[in-house]
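K.L.:
pasting the sequence and the predicted model now:
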Amino acid sequence: MILYKNRKWHMCSEKVRYVQNGEEITQFVGSEGHDWWLDFEQKHEHTEIIEFVDVVATQEQLDRLEEVNQLNIPDGFSSILSDYVGDGVFPEGVNHPLMTLQLKKENEQQGIAISEREINEIIMGVQISDIEIQMLELQLGGM
């Protein structure tokens with residue numbers, strides 16, 4: 001899904017669908033490029049390209065790609081980073097290059113959950129106060 005070029009991560013712009021030894025395969029065209037695949041097909045009888053398909057990234061994927069590039073993660077982590085950029089999935093474990101980003105996002109989510117809970121508690125408090133006022137008015141009106 002992503003490739004490393006000029007010290008930065010980029011979205012792959014296309015996929016290649018091909019048949020190799022009778023099996024249909026689809027994969028992203030990475031840094032090897034479009035022409036490499038055409039050359040590969042010419043050199044290997046057991047490979048036939050069906051089509052090249054343009055890849056259109058979502059805004060969420062582009063946002064996650066930007067987050068990854070802000071971390072200055074070097075080449076060598078394309079699988080881990082592709083999972084995150086593509087699907088928002090962090091790797092398992094505690095020792096991976098996205099750990100600081102993962103912790104930041106988890107803290108933000110916890111902060112949102114706490115804020116929502118506090119707002120709900122305030123609303124419930126107001127509702128309870130309204131009920132107490134109504135009960136007092138009923139008591140005073142019944143005297």
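P.N.:
Nice, I can see it.

K.L.:
where along the chain do the helices fall?
P.N.:
In the chain, the helices defined using DSSP state H lie at 34-43, 59-70, 78-87, 99-141.

K.L.:
ok, which of those comes nearest M1?
P.N.:
helix 78-87 (4.0 Å; CB to CB). Backbone N, C-alpha and C define where each C-beta goes, glycine included.

K.L.:
ok, the residue nearest to P97 when sequence neighbours are not counted - how many residues close by?
P.N.:
Ranked by CB to CB, 6 or more residues apart in numbering and with sequence neighbours excluded, the top spatial neighbour of P97 is I73, at 4.7 Å. Using other CB atoms under 10 Å, I73 is surrounded by 18 other residues.

K.L.:
list the contacts of I73.
P.N.:
9, 81, 97-98 (CB atoms under 8 Å, 6 or more residues apart in numbering).

K.L.:
now do F28
P.N.:
1, 3, 12, 14-16, 55.

K.L.:
could you give the bridge partners of it?
P.N.:
In this entry, F28 is beta-bridged to K15, by DSSP bridges.

K.L.:
make JSON lines from the contacts of F28 and add pLDDT and neighbour count to it.
P.N.:
Shown next, in JSON lines, are those (pLDDT from 0 to 100; neighbours: other CB atoms under 10 Å):
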{"residue": "M1", "pLDDT": "89", "neighbour count": "21"}
{"residue": "L3", "pLDDT": "92", "neighbour count": "20"}
{"residue": "C12", "pLDDT": "95", "neighbour count": "16"}
{"residue": "E14", "pLDDT": "96", "neighbour count": "14"}
{"residue": "K15", "pLDDT": "97", "neighbour count": "15"}
{"residue": "V16", "pLDDT": "97", "neighbour count": "21"}
{"residue": "V55", "pLDDT": "95", "neighbour count": "14"}
